[in-house]
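In: predicted model and sequence follow; I will ask about them next.
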Amino acid sequence: MFFSFWGSLVIGGIVAYLSEKWDMTHHGVLQAIIIALGGVILFFMARVMFGLSFGPPGVNAIVGAAGALILIPSEAIARKRRNRR
C-alpha cells in the first residue's frame, strides 16, 4: 500500500502538469499540482476506508486528479459569479 500511495501522488502530479501544458486548465503549474494531489489523497483515502475504486491505484489516481482539477476551479468560478450579484 505504501508504494501505491506514492505512485498515485506521482501520477497525480503528472496529470496536473500535462493538463496545464495542454491548456486544459489555467491556474499555473504549482496550483494545479496542489489541487490534483489533494484530489488524489482524498480518492486514495476513500478507497482505503470505504473500498470505493475504479480499478488499479493508477486509474484511481488519474480519476482523482482529473476530478479535482475539474471540480475545484469550477466551484471557485461559481462562487465568484454568485458574489458579483
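Out: Thanks, I have the structure now.
In: what's the average pLDDT for the top helix by length along the chain?
Out: For the chain, the helix with the greatest residue count under DSSP state H is helix 57-84. The predicted model gives helix 57-84 an average pLDDT of 84.
In: mind starting the numbering at 739 from now?
Out: That works, and once the first residue is 739, the last one we named lands at helix 795-822.
In: buried stuff in it?
Out: Buried residues in helix 795-822, defined by neighbour count with 16 or more other CB atoms under 10 Å: Pro795, Asn798, Ala799, Ile800, Val801, Gly802, Ala803, Ala804, Ala806, Leu807, Ile810, Pro811. Where you see a C-beta, it was placed from the backbone N, CA and C, and this is true even at glycine.
In: who does it touch, helix- and strand-wise?
Out: Contact here means 3 or more CB pairs under 8 Å, 6 or more residues apart in numbering; DSSP states H and E; on that basis helix 795-822 packs against helix 740-759, helix 767-788.
In: include distance to Asn821 and mean pLDDT when you put those helices into JSON lines, please.
Out: Formatted as JSON lines, those follow (distance: least, CB to CB, whole Å; pLDDT from 0 to 100):
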{"stretch": "helix 740-759", "distance to Asn821": "26", "mean pLDDT": "93"}
{"stretch": "helix 767-788", "distance to Asn821": "20", "mean pLDDT": "93"}
